[in-house]
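Colleague: would you be able to build a 3D model of this:
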Amino acid sequence: MPRILGSIVIGLTALSSAAWAQNPSGQEIFESHCATCHGADGNGGEHARGITQAVPNLDDPQLTTLMRGGLSARGMPAVIVSDAELSPLIAFIRTLKPRGGFEPYRKNFAMTTGRPLEGLVLSEGPDDVQVRSDDNRIHLLRTAAAGKFREVTSEINWPSYNGDLGGNRYTTLGQITKLNVKRVVPKWIYRMPSGGRLQGTPVVADGVMYVTAANECYALDAGNGRQIWRYQRPRSSGLAGDAASGINRGVALAGDKLFMVTDNAHLIALNRATGTLVWDIELADWRENHGATSAPLAVGRLVISGTGGGDNGAKGFVAAFDQESGKEAWRFSTLPKPGEPAWETWQGKSIERGGGNTWFTGTYDQETNTLFWPTGNPGPDYNGDERVGDNLYSDCILALDPASGKLKWYYQFTPHDLWDWDATETPMVVNATWDGKPRKLLVHANRNGFFYVFDRVTGQLLLAKQFIKNLNWATGIGADGKPIRNLSADPTAQGARVCPSQDGATNWFSPSYNPSTGLYYFQVFEKCSIYTKRPPVWEQGKAFGGGSQKVDINPKPQRLLYALDLQTGIRKWELPQTGLGNTWGGTLATSTGLIFFGDDSGAFAAADAVTGKRLWSFQANTNWHASPMAYQFDGDEYVAVAAGTDIIAFGLVD
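Modeller: This next block holds a predicted model:
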């Protein structure tokens, strides 16, 4: 090479090296700072797990915060990169894909029926295949003799949050009984890729189970838990309240669609077969501290939902939307407007941030064509100085016409609530004999410590009975249906001891009722709180409490399973649990006389519905935040529940 040309090449090489040193690519930055732990392809190494599953759930600002701050509790240090390096690093990270991901392919299957099936293979195992045919149907196949396949499905579904639109978690399945319940074992476990603490209830239809986490939905083969598809969108930043902590309680199902809420108070529709987005509408502006966490309710051609944020100064409402288009059909505000009768129940300025949010799933009665929706506490939570009066329609059951949203009747459990109790417990539809005659009832155990029975046609209060032992905020329910208040239980600047605690005597975890025993089963807290009061200040993204509360440890908080006589509200039996009194698992009643529940010890358990005797348990070592459900798949009965980061399906051992 001529000397002059060689000098030019050497010079250009040196210049190129200098430019590379000053402007490294995203891949080079990743290899320098991240690959040692996470692997060069982001799928994990000896020192850290992969990041390819988690990254799609995070937007760029969230990724930036994560890298700048690290996760010291998990051993991840902060990533020290310049502002100029950050953008190419994030861009490269977004190119990383899971290693060995399943690639769908088309196949023709020989079936035991003699009719071949062709479709797109979505997932498969040694003995099972999940296929989507050209007519957009999911087929769950199992191997059979002579290289053929048979199709399976669920004979008994669990089509909504409580299984029954009326809110009773009761199953007529009869395989698991008192005699064989000791043979119940986990049949399969599905760990949610995004982790977190699950609070949802699985929904099962046609053999496919649908489960959710915040802004994520998964379709699983209900026979073995194999993933069929996954929908996800990034978590939102800047939210307040429960929605900010990554809570989602499930989906509603109707026709070929699934409906779920997102953390930033949107309602979305997904195609059941593919998981693709059909429509997306905003329920309310998240900047006003709205969020959404609970399963919607599908009634007729509408899907109905509310939002959370009452503890953060959001304004409550229930709204219904057309299932096909997402177009809003009606909206009922839980805060009255000037001139409306309920307006007089708010004296002061607090109605501007009045709460009454509708964050929990309601129920529906087909016989009377009535929607029952529970509402949350007024705001600010602990300071009622600027909301003198009963504060309608907070802490209520609303009986609404599902087609128009017009109010039929209402009942307020805790007028002028100062303890953040809400009425967001399941209003249960029950048909039973009352005073010797058949009657349409609505049953509700409230956080305030009283058990209520209504005529669900007229709203007449038939029974109100204290069910917890330690209650000091009221001395009873008066003839007018209102509680007889103990004013010494109002929050003060120095602190007032109130029973039950802010968590309530019960809460949103699901109750159940067995028509054979006539007993209502639900989980109970026996604990108290110290409530303090201070001036409230509303800010975006912050609580609007007007004070605070802390659990009183004397006496020690306790968790119990109760069985109440529907006719009298008298406790027939109780099952005390060992633990910290801080689990949130609900109940499932079976026609075979069992009650499945999440025990405070961390176990999943079953008790005799007549006596309360514990008959079986499986130690899952979890802090329960979900309620169980049941379904039948391929001839076998399953009981499933969200446990921590996992979905566990239980059944009888062969």
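Colleague: quick one: low-confidence residue ranges for the stretch 201-350 of the chain.
Modeller: Within the stretch 201-350 of the chain, no range satisfies pLDDT under 70.
Colleague: same question, the stretch 51-200 of the chain
Modeller: 73, 100-101, 195.
Colleague: show me where it has its helices.
Modeller: 60-69, 83-93 (DSSP state H, counting those that start in this stretch).
Colleague: residue 574 is nearest to which of those?
Modeller: Checking the helices of the stretch 51-200 of the chain against residue 574 by CB to CB gives helix 60-69 as the closest, at 45.0 Å. Backbone N, C-alpha and C define where each C-beta goes, glycine included.
Colleague: between the closest one and helix 83-93, how many degrees?
Modeller: Relative orientation of helix 60-69 and helix 83-93, computed by axes from the mean of the first three to the mean of the last three CA atoms, to 10 degrees: 120 degrees.
Colleague: contact partners of helix 60-69?
Modeller: 55, 58, 78-79, 81, 86, 89-90, 93, 234-235, 237 (CB atoms under 8 Å, 6 or more residues apart in numbering).
Colleague: now do 6 Å
Modeller: 78-79, 90, 237 (CB atoms under 6 Å, 6 or more residues apart in numbering).
Colleague: and the residue positioned nearest the centre of the chain, what does it touch?
Modeller: Among the residues of the chain, the one closest to the centroid is residue 249, at 1.5 Å (CA atoms, centre = their mean). Residues counted as contacts of residue 249 (CB under 6 Å, 6+ apart) are 199-200, 294-295.
Colleague: also residue 497?
Modeller: 528, 530, 552.
Colleague: ok so it is a strand residue?
Modeller: Yes - assigned with DSSP: H, G, I helix; E, B strand; the rest coil, residue 497 falls within a strand.
Colleague: ok, what's across the strand from it?
Modeller: For residue 497, the beta-bridge partners under DSSP bridges are residue 530.
Colleague: quick check: buried residues in stretch 471-488?
Modeller: The neighbour-count check on stretch 471-488 (16 or more other CB atoms under 10 Å) flags 471, 473-474, 477, 483, 485 as buried.
Colleague: no wait, stretch 285-304
Modeller: 286, 288-299, 302-304.
Colleague: nearest to residue 321, of those?
Modeller: Closest to residue 321, out of all of the buried residues of stretch 285-304 and judged by CB to CB, is residue 303, at 5.5 Å.
Colleague: what's the closest non-adjacent residue to the closest one?
Modeller: With sequence-adjacent residues excluded and distances taken as CB to CB, 6 or more residues apart in numbering, residue 303 is closest to residue 259, at 4.6 Å.
Colleague: which residues of the stretch 401-550 of the chain fall in strands?
Modeller: 407-412, 428-434, 437-445, 450-455, 461-466, 474-477, 483-485, 496-498, 512-514, 519-526, 528-533, 547-552 (DSSP state E, counting those that start in this stretch).
Colleague: on that earlier part again, need the contacts of helix 60-69 in CSV with neighbour count, can you?
Modeller: Output for the contacts of helix 60-69, formatted as CSV (neighbours: other CB atoms under 10 Å):
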residue, neighbour count
78, 12
79, 19
90, 20
237, 14
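Colleague: those residues into a markdown table, with extra columns for distance to residue 434?
Modeller: Output for these, formatted as a markdown table (distance: CB to CB, whole Å):
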| residue | distance to residue 434 |
| --- | --- |
| 78 | 64 |
| 79 | 65 |
| 90 | 63 |
| 237 | 51 |
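Colleague: between those residues, which sits nearest residue 354?
Modeller: residue 237 (26.2 Å).
Colleague: contacts only, for that closest one.
Modeller: Per CB under 6 Å, 6+ apart, neighbours of residue 237: 61-62.
Colleague: can you rerun that using 8 Å?
Modeller: Residue 237 neighbours (CB under 8 Å, 6+ apart): 59, 61-62.
Colleague: again, but for residue 600
Modeller: 559, 577-583.
Colleague: go on, residue 603?
Modeller: Here residue 603 is in contact with 617-620 (CB under 8 Å, 6+ apart).
Colleague: where does it land on pLDDT?
Modeller: On pLDDT, residue 603 comes in at 98.
Colleague: which strand residues bridge it?
Modeller: Beta-bridge partners, per DSSP bridges, of residue 603: residue 619.
Colleague: what's the answer for residue 433, then?
Modeller: Beta-bridge partners, per DSSP bridges, of residue 433: residue 438.
Colleague: and for residue 485?
Modeller: residue 474.
Colleague: now it: how far from residue 134?
Modeller: The gap separating residue 485 from residue 134 is 64 Å, by CB to CB, to the nearest Å.
Colleague: also residue 259?
Modeller: Relative to residue 134, and taking CB to CB, residue 259 is found at 25 Å.
Colleague: for the two, indicate the residue with more neighbours.
Modeller: residue 259 (24 against 9; other CB atoms under 10 Å).
Colleague: list the residues that contact that one.
Modeller: 251-253, 267-270, 296, 298, 303, 305, 323.
Colleague: ok now stretch 43-55, how far from the chain's centre?
Modeller: Relative to its chain's centre, stretch 43-55 lies at 27 Å (CA atoms, centre = their mean, to the nearest Å).
Colleague: that stretch: end-to-end distance?
Modeller: End-to-end distance for stretch 43-55, by CA to CA, to the nearest Å: 11 Å.
Colleague: cool, stretch 440-456 as well?
Modeller: Stretch 440-456: ends 6 Å apart by CA to CA.
Colleague: now it: average pLDDT?
Modeller: 98.
Colleague: list the buried ones in it?
Modeller: 440-454, 456.
Colleague: from these, which single one is nearest residue 502?
Modeller: residue 447 (8.8 Å).
Colleague: how about the closest one: what's its closest non-neighbour residue?
Modeller: Nearest to residue 447 is residue 504, by CB to CB, 6+ apart, at 2.7 Å.
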